[in-house]
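*Asks:* 3D model of this:
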Amino acid sequence: RVTQIPKFSGDRESIANSFPTYFAAPAHLFHLGICVTRQLLTGRMSRDARSCHARQNSALLLLSAVLCLVSSSHAFKIAFLPGNSTFYVPQNSKTFAPVPQQAFFLGYADNTHLKGFQARDVVQLGDYYTYTKFGAVTDCNSPDFNNVDGILGFGLPVAAPPPPPPSMNQGGGNGGLGGIIGGGIGNAMGGGMGGAMGSPPPPPKLPKPLLFSLTDPIVKDNANNRMLGKRAFAFLSTEDKAEVQLGGYDPASVDGEMFVTPSISMGDYTTVAMGLRYGKTNLMEFTSTNKRLAYVPAIMDSGTSCLVMPGSTLGGQLKKSPFDTWKAMIGGNTKKPSSKDSFFVNIGGAEFEIPYDTWYLPQSNQSCVQRTPPGFPGLLVGDVLFRRYVVMFDLTLFPQRVLIGIGKRKAGYEPGSPHPVVKKIPAVKTAGKGPKAQYHAPLATDTIPIWNQLETQYFINVSVGTPRQQFTVIFDTGSSVFGVFSRCDPHAPVLGECMFGYVDGLAEKQGIWGAVKTPHVSLMNGVIMVVSVAFGLCLAGVGVTLWFRSRHNKDEQERLQEYKRLGGKSSNSGYGPERLYGAV
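*Replies:* Take a look at the predicted model:
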C-alpha cells in the first residue's frame with residue numbers, strides 16, 4: 001500500500017456523504033422507466049427527450065456507484081482473520097458508554113473498510129490519558145490488519161461534511177414519491193446505520209482525533225484525564241524500531257538544528273518540494289521560470305513506505321517524468337539498480353539526503369521508490385525519511401498554522417529510551433535565503449516505543465477502559481481516526497457484522513439497539529435493498545405509463561366515434577381536427 005487515499009472525494013475518511021446517492025437513484029429510475037416506455041410506444045422522442053437523456057445518464061451513473069460499492073467488498077484475496085487480533089470488551093470497562101446515534105465507518109482507496117459503532121471510554125497513550133470518543137470496530141475486511149488490533153491516526157482532522165438533505169431526516173409516508181424515498185428508504189437505511197427501523201440516520205461525524213482529545217484545553221486533569229500540554233509530536237524510525245515523542249521533540253535525538261517549514265495544507269502534512277536530485281542529476285526540472293511556481297507538494301506520511309515521485313510531467317509543469325528519468329538512470333530494473341547514488345529532496349529550500357541503504361530494501365530485494373498514483377501532483381515521503389531524520393509536527397496553532405520540523409537523527413540514539421522532562425530551547429528556522437526567524441520548538445515530555453515491521457508499517461501500544469485493556473495498533477500520520485476491534489454492544493448502533501462476537505450471556509444475535517433479534521443490517525444489505533426498490537420503481541414507472549397510454553387511447557377512440565356520429569369526416573393528417581376535443 002502506497003498511501004491511504006479515501007474512496008470518497010467529499011470526505012477523506014467518512015462514507016456518510018455518499019449515502020444521498022443511494023436515495024436519489026430510485027427517483028431517477030422511476031422517471032427513466034416513464035421516459036423509455038413513452039419512447040417505445042410512440043416510436044419517436046417525446047417532448048421531454050432532453051430530460052429523459054439526463055435521467056438515463058444520472059441513473060446509470062448512480063447505479064455504477066452502487067455496483068462499485070458492491071464489488072469493492074470482495075476485493076481482497078487474503079482473508080482477514082479476526083481470531084488473530086485482541087478485541088475490546090466494552091462490558092469489562094467501568095467507564096464505557098456507547099455514543100447515541102453514531103455508527104462508525106472508515107474507508108480507504110484500496111477497498112479497506114472498518115465498520116462498527118462509536119464508543120466513549122478512557123484511552124491512554126504513554127503517560128497521558130483522556131475520556132473520549134473512538135471507533136469500536138466490529139467489522140474489517142483487510143488482511144493489513146491481521147495480527148493487529150486497530151489503527152491510531154495522528155494526522156490532521158477531517159473537515160466536517162455538509163449536513164444530509166432533509167429527505168434523509170424528515171421523510172414521511174404521505175408525500176407521494178418523495179415520501180416513499182425520504183421516509184421509507186431513508187428511514188430504513190437510517191435503521192441500518194444506527195437506530196431502530198424508521199428512525200433518522202446518525203449524523204456523518206467522525207470522532208475527534210486522539211491527539212486533539214489529549215490536548216483539549218477545556219478538559220482538566222482528574223481521575224479519567226491526564227492531559228498533554230502541547231499539541232505537538234515528533235516521529236523517528238530505524239530499520240526495526242521507531243518512536244513517537246509526545247508534546248514536541250527530544251533534542252537528545254537530533255544532531256544539530258531542527259529545520260522548520262510551514263505546512264501548505266490544513267488537511268495533510270504537506271511541505272513545499274522545490275527539487276529532487278539523484279546523485280548530481282536533477283529529476284524535477286520545472287518549465288516555469290517563475291520561482292514562485294517552481295515547486296510541487298510533498299506529503300509526509302508514515303503510512304507511505306517509500307519515496308513516491310511523479311511518473312509524468314504533471315500536465316506540463318515538469319520538463320520530463322522524474323520516475324522515468326530515474327528508472328532509465330539505474331538501467332530500467334528497480335530490483336537490481338545499476339547505480340547506488342543518494343536522493344536529495346529539497347524541502348522549503350533545504351536539502352535532505354536519502355542514501356542507498358535507506359531507499360533500497362534488502363529484505364524484499366527491491367528499491368523503495370515508486371511512481372505516484374494517477375492524479376496526485378507531487379511527492380509522497382514516508383519511511384525512507386523517518387528512518388534517517390526526526391520529523392516534528394507542531395499543531396499548537398491549528399487550524400491557523402501547522403509547522404513541520406526536520407532534523408538529522410543523532411548517531412547512536414536508541415528509539416524508545418527514557419528521558420527526563422526538558423524545557424523549551426530556541427531553534428532557528430532558515431527558509432531559503434530570507435531573513436532568519438526565531439521559532440521556539442516544543443519539546444517532548446514523553447516517548448512511546450513503536451515497532452517497525454519489515455520497514456512498511458508501524459505499530460504502537462495503547463490501552464482502553466477501566467481497568468485498562470491493552471492493544472497493539474497501526475500508527476499512521478496519514479489518518480486522523482483512532483479505532484480498535486471490539487465486541488458488539490446491544491445498546492450501540494452497529495454498522496456491519498459482529499466479527500469479534502457479542503456481549504456475554506446473549507444466546508443469539510441481537511438487532512440494532514436490541515430491538516429485534518435479527519442480524520445487524522450491513523451496508524451491503526442496504527445497497528441490495530435500495531437497488532431492488534429502485535428497479536421496482538422503474539417497473540412501476542413502466543406500468544403507470546402503459547396504463548395512462550391505454551386510458552388515453554380509449555378516450556381518443558370514444559371522442560373520434562362521437563365526432564363521426566355527428567357527421568364529421570376523418571382526416572389523414574396527424575394534426576387534423578379529430579385530434580381536438582369538441583371540434584366541429
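
*Asks:* So the nearest residue to residue 458 once chain neighbours are set aside, which state does it fall into?
*Replies:* Closest residue to residue 458 apart from its sequence neighbours, by CB to CB, 6 or more residues apart in numbering: residue 475 at 4.2 Å. C-beta: built from backbone N, CA, C; applies to glycine. What DSSP: H, G, I helix; E, B strand; the rest coil gives for residue 475 is strand.

*Asks:* Ok, residue 261 next?
*Replies:* strand.

*Asks:* Show me the beta-bridge partners of it.
*Replies:* residue 404 (DSSP bridges).

*Asks:* need the strands for the stretch 201-350 of the chain, in chain order.
*Replies:* Along the stretch 201-350 of the chain, the segments classed as strands by DSSP state E, counting those that start in this stretch run 232-237, 241-246, 259-262, 270-278, 281-282, 296-300, 307-309, 343-347, 350-354.

*Asks:* Least reliable of these by average pLDDT, please.
*Replies:* Per-stretch mean pLDDT for the strands of the stretch 201-350 of the chain is lowest at strand 241-246 (a mean of 87).

*Asks:* So which residues of the stretch 351-500 of the chain form helices?
*Replies:* For the stretch 351-500 of the chain, helices defined by DSSP state H, counting those that start in this stretch occupy the ranges 356-359, 383-386.

*Asks:* what's the answer for the stretch 201-350 of the chain, then?
*Replies:* Under DSSP H, counting those that start in this stretch, the stretch 201-350 of the chain gives helices at 210-214, 322-329.

*Asks:* From the contact counts, what lies against the shortest one?
*Replies:* With contacts defined as 3 or more CB pairs under 8 Å, 6 or more residues apart in numbering; DSSP states H and E, helix 210-214 has these neighbours: strand 113-125, strand 128-140.

*Asks:* quick one: low-confidence parts of the protein?
*Replies:* 1-76, 109, 159-204, 416-440, 449-456, 504-527, 562-584 (pLDDT under 70).

*Asks:* try 80 this time
*Replies:* Confidence mapping of the chain against pLDDT under 80 gives the ranges 1-77, 108-110, 158-205, 239-240, 303, 363-364, 415-457, 503-535, 537-538, 541-584.

*Asks:* For it, give the helix that spans the most residues.
*Replies:* In the chain, with assignment by DSSP state H, the single longest helix is helix 523-565.

*Asks:* could you give the angle of it to strand 128-140?
*Replies:* 50 degrees (axes from the mean of the first three to the mean of the last three CA atoms, to 10 degrees).

*Asks:* Packing partners of helix 523-565?
*Replies:* helix 19-42, helix 49-72, helix 186-194.

*Asks:* what residues are up against residue 124?
*Replies:* Contacts for residue 124 (CB atoms under 8 Å, 6 or more residues apart in numbering) come out as 462-464, 468.

*Asks:* rerun that using 10 Å as the cut-off
*Replies:* Contacts here follow CB atoms under 10 Å, 6 or more residues apart in numbering; on that basis residue 124 touches 130, 214, 226, 461-465, 468, 470.

*Asks:* got it, and residue 404?
*Replies:* 259-263, 269-271, 298, 300, 347-348, 391-394.

*Asks:* Kindly recompute the last result at 7 Å.
*Replies:* 261, 263, 269, 271, 300, 391-393 (CB atoms under 7 Å, 6 or more residues apart in numbering).
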